[in-house]
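S.K.: Have a look; sequence and predicted model below, questions after that.
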Amino acid sequence: MRIVGVTGLPGAGKSLVTEISRESGISVVSMGDIVREEAKKRDENPGVTAVKLREEKGDFVLAEISIEKINEIMLEKSINEDKSKYSDLIVVEGIRSPHEVDMFKENFDDFTLVSVFSSPTTRFNRLKKRKRSDDSLKYEDFKKRDQRELDLGVGSVIACSDFIIINESDIDYYKKQFYNFYYKHIKK
């Protein structure tokens, strides 16, 4: 099974990778969705929940939950004898810390890490338009959120990525870059 981890700062375009992947029939595990589900249970801001989860259960908690979900997907594919075009690929979106990268590498021999990069101005403008519950509408809050992400280690994760996709243009160009990346480096 091939696992592609996706990382990047808020608003870079990670969720678009998820959307493109799902549209293509690729299985996806979203670490952000895991955090948002837990935040909803706790009635907290997802950013607060992400930090608290790591404090309560350790740096590996989100990777552990994601690996459980990946194993469930793999089992289901095996039981159903999935022979679809992308049956051997799973995308994990939202990797934030080097601890998570280490855990995925320890558990999956074929793990590739890709970063999605956009400038702060581009990301902030996207977040203002997206208006998800954890998105920042004030630039000061946006900068604080970026710092929280950087404190978790996302900068180190981006720095050690196998590939980087720049997402500064329109959606069609970004999709083209993603497909080029996929066909050049992932499809075997």
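M.R.: Happy to help now that I have it.
S.K.: Just after the longest strand along the chain, pick out the following helix or strand.
M.R.: The longest strand of the chain (DSSP state E) is strand 110-117. Sequence order places helix 120-130 as the next helix or strand after strand 110-117, per DSSP states H and E.
S.K.: What residues sit buried inside that next one?
M.R.: 122-124, 126-127 (16 or more other C-beta atoms under 10 Å). The C-beta positions use only the backbone N, C-alpha and C, and glycine is treated the same way.
S.K.: May I see the buried residues of the next helix or strand after that helix?
M.R.: Once the chain leaves helix 120-130, the next helix or strand it forms, by DSSP H and E, is helix 139-152. For helix 139-152, burial by neighbour count (16+ other C-beta under 10 Å) applies to 142, 145-146, 148-149, 152.
S.K.: Run the angle between the longest helix along the chain and helix 139-152 for me.
M.R.: In the chain, ranked by residue count with DSSP state H as the criterion, the top helix is helix 61-79. Between the axes of helix 61-79 and helix 139-152, defined by axes from the mean of the first three to the mean of the last three C-alpha atoms, to 10 degrees, the angle is 70 degrees.
S.K.: Could I have the CA atoms of the longest strand of the chain written out in PDB?
M.R.: Written as PDB, here are the backbone C-alpha positions of strand 110-117 (Å, rounded to 0.1, in the frame of the first residue of the first chain):
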ATOM      1  CA  ASP A 110       6.000   3.200   0.800                       C
ATOM      2  CA  PHE A 111       5.400   6.600   2.300                       C
ATOM      3  CA  THR A 112       5.900   9.800   0.400                       C
ATOM      4  CA  LEU A 113       5.500  13.300   1.900                       C
ATOM      5  CA  VAL A 114       4.400  16.200  -0.200                       C
ATOM      6  CA  SER A 115       4.000  19.800   0.900                       C
ATOM      7  CA  VAL A 116       1.600  22.300  -0.500                       C
ATOM      8  CA  PHE A 117       3.000  25.900  -0.300                       C
END
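S.K.: That strand - contacts with which helices or strands?
M.R.: strand 2-7, helix 14-23, helix 98-107, helix 154-159, strand 163-166 (3 or more C-beta pairs under 8 Å, 6 or more residues apart in numbering; DSSP states H and E).
S.K.: among those, which is nearest residue 46?
M.R.: Closest to residue 46 of those is helix 14-23 (C-beta to C-beta; 13.1 Å).
S.K.: Helix, strand or coil: sort out residue 182 for me.
M.R.: helix (DSSP: H, G, I helix; E, B strand; the rest coil).
S.K.: Can we start the residue count at 4 from this point?
M.R.: Sure, I'll start counting at 4 from here, so that last one is residue 185.
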